[in-house]
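Visitor: quick one, fold the following:
(chains A and B)
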Amino acid sequence: MAAVSGLVRRPLREVSGLLKRRFHWTAPTALQVTVRDAINQGMDEELERDEKVFLLGEEVAQYDGAYKVSRGLWKKYGDKRIIDTPISEMGFAGIAVGAAMAGLRPICEFMTFNFSMQAIDQVINSAAKTYYMSGGLQPVPIVFRGPNGASAGVAAQHSQCFAAWYGHCPGLKVVSPWNSEDAKGLIKSAIRDNNPVVVLENELMYGVPFEFPPEAQSKDFLIPIGKAKIERQGTHITVVSHSRPVGHCLEAAAVLSKEGVECEVINMRTIRPMDMETIEASVMKTNHLVTVEGGWPQFGVGAEICARIMEGPAFNFLDAPAVRVTGADVPMPYAKILEDNSIPQVKDIIFAIKKTLNI
Amino acid sequence: MAVAIAAARVWRPNRGLSQAALLLLWRPGARGLARSHPHRQQQQFSSLDDKPQFPGASAEFIDKLEFIQPNVISGIPIYRVMDRQGQIINPSEDPHLPKEKVLKLYKSMTLLNTMDRILYESQRQGRISFYMTNYGEEGTHVGSAAALDNTDLVFGQYREAGVLMYRDYPLELFMAQCYGNISDLGKGRQMPVHYGCKERHFVTISSPLATQIPQAVGAAYAAKRANANRVVICYFGEGAASEGDAHAGFNFAATLECPIIFFCRNNGYAISTPTSEQYRGDGIAARGPGYGIMSIRVDGNDVFAVYNATREARRRAVAENQPFLIEAMTYRIGHHSTSDDSSAYRSVDEVNYWDKQDHPISRLRHYLLSQGWWDEEQEKAWRKQSRKKVRAPRPGGCGGGC
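Guide: Here you go, the predicted structure:
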């Protein structure tokens, strides 16, 4: 391809036959964007597009965000659009909900979702339920975002995964991006959505760069909420996951591929409304299912997937019971060796897959 | 020894509301009939009387429309005993602490400072994952700890290691907790600086801010029920005081009449958020009277002022079963934590001022020198010794587990 286009694009100046110059048309270096920058871009574009959008939370303004996700936004948009709040999650979540009810489109950042528990009444009782309770009269177009789930060495009160808690509630949409593309597309869709949307980011993913496809570079790049993505095609087993563990599943799939096992890895992207169609279609193809999540097992995301599989057409296609790989059923300990063994590792995923496939 | 509850104004009915009612409420003796009885005594209701009968407030009528101005220009004054050079200003306020006690105060502060430096460096070297220093606030810790009984229960936020240090928590246990190693009595479950010691009545540190405030009130209520002659002290920063839990805690302490000392370390910053963005009122001390709580503001870098205020608050809290609020003004010289770089939001000059001109350790050292209880030789020797102690702590210090 490079050679052909070189011939076509040859400059008009004639060069002697011995020293023929050709243009080599190399593909441009793929654009690498970290998850942090992708979220930043998404918010920046939406702040620019719609004046009613604003960001509030602790340390989001001059400090650029506790995890630097809102870097540069205060400098660009100023005090009116990027607001530092006093330390009261319940307070600023309530203020954000009120602002949303009055017609603004707030992005409410929790320093981590663990601290959203101090505001959970505002999130559930006020944001989630109001549209229904008002008979459709009062929408609450708000986005709650922040890091969710395990980080590194931050122990129990900074490491809980809230996917199951928020995914449980009607009235909320809940998304959980894995890579940069997910992060940008989902935050933009969340901001444009008129419902309360909980965006569960991941602190350990913030600094990870991913290739950004050209369409993701557009200012109107949206990922639909409620649609999962098949990250890797496979035939032997369906592996469903969300957020950081998706990466672990892909690693496990790469290892197993060498042994002749082809895993189909699904990145859920959205927790609520869950894209069961994609999961069912995949299970009907592969006949085996493993779910992987960082959260605790009881009443978790995997539990919900298994229940719905049983209720749907895919049940009859299962050749083995579905298996859930989850975080350990303990508050996250601090010491590294304890922490490493409390979250699902690649070896745990491989073990579960082999067990399901009986190999 | 009277605590100079400076600017106490006796609230008299005929002065009306035009004076700043935000200052201390001083009632003679017990807290009035209405408070000490389980059921409020009501005035005989007579329609001939033109006095207000509302159950919600005890006040006179006024016929002039006047809003109370929040007093932020000249706020609640700051009680201090020493000046910035460690000299006693008003001799009648000198607590006249014996030499050993003052030396213990000094050594606790300096040992903490040394441990902070070494552990901060440890984090930078990758040996521990996280650390929070106490630079500049050592005075608030030891001054208050010294004024309490050893059995008084302590609820901290995360920047009160000096309280444990004063209570002789072994260095190796501080380290073990930070390293999360096998010697850690918390079995590696908690992040660094989340100390806890049952034997020393120091409740394990919990990360979410201000959750310790209502818990401390509950513990104080239990102490009252048990007739324990015990006070609970609850530490928190001025930022955490913005949390809803703080409001609930203050209100309950007053309505349930609990023997608790609320000790607010107002150090000027909550990560990068300065007090000007944290609140618009006159700090935290001004909130106390709003809840019916005896309140005072002290110079947190003056160990004797902190000591005096805490001592008197403790005595009265236990004797009268009522809460006290002490707002200790100080300055956070270090970064919020090892995850923070404060040069991003404040000037080096500002930090240097507090480090060089108004530091609790220096001020107490000046006092010690002027008393002839300390000198340069001892200072040098102690610095060396404290570094050695932190570097190689002796095992088995707790003697029976905490």
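Visitor: how close does the residue in the stretch 201-350 of chain A that chain B sits nearest to get to B:Ser386?
Guide: Nearest residue of the stretch 201-350 of chain A to chain B: A:Ala335, at 2.9 Å (Cβ to the nearest Cβ). Where C-beta positions appear, they are placed from N, C-alpha and C, glycine not excepted. A:Ala335 sits at a distance of 28 Å from B:Ser386 (criterion: Cβ to Cβ, to the nearest Å).
Visitor: low-confidence ranges, chain B, go.
Guide: Flagging of chain B using pLDDT under 70 yields the residue ranges B:1-48, B:394-402.
Visitor: again with chain A
Guide: For chain A, the ranges with pLDDT under 70 are A:1-29.
Visitor: name the surrounding residues that touch the longest helix anywhere in it.
Guide: Ranked by residue count under DSSP state H, the longest helix found in chain A is helix A:35-49. Here helix A:35-49 makes contact (Cβ atoms under 8 Å, 6 or more residues apart in numbering or on different chains) with A:33, A:53-55, A:67-73, A:76-77, A:81, A:107, A:145, A:177, A:179-181, A:183-185, A:187-188, A:191-192, A:201-202, A:205-208, A:210, A:212, A:216, A:219.
Visitor: ranges for the strands of the stretch 101-250 of chain A?
Guide: Taking DSSP state E, counting those that start in this stretch to define them, one finds strands in the stretch 101-250 of chain A at A:105-109, A:143-147, A:173-175, A:197-201, A:209-211, A:229-232, A:237-241.
Visitor: how many neighbours does residue 200 have?
Guide: Picking chain A for this. 24 (other Cβ atoms under 10 Å in any protein chain shown).
Visitor: my question was about chain B
Guide: For B:Arg200, using other Cβ under 10 Å, the count is 18.
Visitor: buried subset of the contacts of helix A:35-49 as a ChimeraX selection?
Guide: The ChimeraX selection below is limited to those of the contacts of helix A:35-49 classed as buried (16 or more other Cβ atoms under 10 Å in any protein chain shown):
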select /A:33,53,54,55,67,69,70,73,77,81,107,145,177,179,180,181,183,184,185,187,188,191,192,201,202,205,206,208,210,212,216
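Visitor: do the one helix or strand B:Ala246 maps to and chain A meet at all?
Guide: Assigned by DSSP states H and E, B:Ala246 falls within helix B:244-255. Yes. Taking Cβ under 8 Å from any Cβ of the partner chain as the criterion, helix B:244-255 and chain A are in contact, through B:Gly244, B:Asp245.
Visitor: how about the residue in the stretch 151-300 of chain B positioned nearest to chain A, secondary structure?
Guide: Proximity of the stretch 151-300 of chain B to chain A (Cβ to the nearest Cβ) peaks at B:Gly188, 2.9 Å away. Under DSSP: H, G, I helix; E, B strand; the rest coil, the three-state class of B:Gly188 is coil.
Visitor: what sits against the closest residue to it other than its chain neighbours?
Guide: The shortest distance from B:Gly188 to any non-neighbouring residue, by Cβ to Cβ, 6 or more residues apart in numbering or on different chains, is to A:Ala335 (2.9 Å). By Cβ under 8 Å, 6+ apart, the contact list for A:Ala335 reads B:Gly180, B:Asn181, B:Asp184, B:Lys187, B:Gly188, B:Arg189.
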